[in-house]
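> Build me a model from this:
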Amino acid sequence: MDPFHALVLLNAVFACAAWSLAKPSWTAAIALTTTSILWLFFNHPIEGRVLYSIDYQTGLTESDFVSAAGLLLAGVTVIRCRRAAGS
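Numbers count the residues shown, from 1 in each chain. Coordinates of the predicted model:
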């Protein structure tokens, strides 16, 4: 994957995050979860520095935190949807 496609996927993660914040729904949470997981596998061209090395080929990079934040926000969106349905 080239840097252009990685940036398109990164923008998709940000768009899904904005959607989850603006109008929480199950669809927004699923879209954010999907793009966040895809980001873990396709972020190689723009990963950033390695923050923690597991072995000589694997480690935690700066861009991995985008996935963590996306998954956390998707969880918050699910909680907000459940509360709204219960009210």
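> now for the longest helix along the chain, which elements pack on it?
Taking DSSP state H as the criterion, the chain has its longest helix at helix 64-86. When contacts are defined as 3 or more Cβ pairs under 8 Å, 6 or more residues apart in numbering; DSSP states H and E, helix 64-86 packs onto helix 3-22, helix 26-42. Any C-beta I mention is one placed from the backbone N, CA and C, and that applies to glycine too.
> Which strands or helices does the helix or strand of the chain with the lowest mean pLDDT pack on?
Sorting the helices and strands of the chain by mean pLDDT, DSSP states H and E puts strand 59-61 at the bottom, at a mean of 86. If you count contacts as 3+ Cβ pairs under 8 Å, 6+ apart, strand 59-61 packs onto strand 50-53.
> I would like the residues contacting the strand it packs on, please.
Strand 50-53 has contacts (Cβ atoms under 8 Å, 6 or more residues apart in numbering) with Gly59, Leu60, Thr61, Glu62.
> mind listing what the last one touches?
Spelled out, it's Glu62. Glu47, Gly48, Arg49, Leu51.
> Swap in 10 Å and give it another go.
Asn43, Ile46, Glu47, Gly48, Arg49, Val50, Leu51 (Cβ atoms under 10 Å, 6 or more residues apart in numbering).
> same deal with the first one?
Contacts here follow Cβ under 10 Å, 6+ apart; on that basis Gly59 touches Glu47, Arg49, Val50, Leu51, Tyr52, Ser53.
> okay if I get those as CSV plus pLDDT?
CSV is the format used below for the contacts of Gly59 (pLDDT from 0 to 100):
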residue, pLDDT
Glu47, 85
Arg49, 88
Val50, 87
Leu51, 89
Tyr52, 89
Ser53, 89
